[in-house]
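A.B. asks: Take a look and give me a structure for this.
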Amino acid sequence: MAIDRFVMAFAGAVVLASVVLSVFHSPYWLALTLFVGANLFQAAFTGFCPLAMILKRVGLKPGCAFQ
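C.D. replies: Purely as a prediction, here's the structure:
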């Protein structure tokens with residue numbers, strides 16, 4: 001799996017988990033959704049993604065978005 005796909009899958013899983021937690025536990029979990037969305041938005045323009053940098057060090061191959 002390339003870094004790009006892993007980052008998108010991870011972001012989607014975190015967003016879904018935070019929405020479920022906000023429904024069943026506390027609405028403050030939506031702050032995590034906001035953080036993930038803001039990070040994805042800035043990564044689209046700057047190419048800077050902390051998770052992508054970690055995954056590159058671990059040894060995943062880069063895709064076309066994060067090099």
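A.B. asks: residue nearest the centroid of this protein?
C.D. replies: Most central in the chain under C-alpha atoms, centre = their mean is residue 11, positioned 3.2 Å from the mean C-alpha point.
A.B. asks: That residue: helix or strand, and which one exactly?
C.D. replies: helix 3-24 (DSSP states H and E).
A.B. asks: So for that helix, what gets flagged as buried?
C.D. replies: 3, 4, 6, 7, 11, 15, 18, 21, 22 (16 or more other C-beta atoms under 10 Å). Heads up, the C-betas are built off the backbone N, CA and C, glycines and all.
A.B. asks: That helix - contacts with which helices or strands?
C.D. replies: Applying 3 or more C-beta pairs under 8 Å, 6 or more residues apart in numbering; DSSP states H and E, we find helix 3-24 packed against helix 30-46, helix 50-58.
A.B. asks: next one: the shortest one to chain centre, how far?
C.D. replies: Between the centre of helix 50-58 and the centre of its host chain there is 12 Å, according to C-alpha atoms, centre = their mean, to the nearest Å.
A.B. asks: Also the longest one?
C.D. replies: In terms of C-alpha atoms, centre = their mean, the centre of helix 30-46 is set 8 Å apart from its chain centre.
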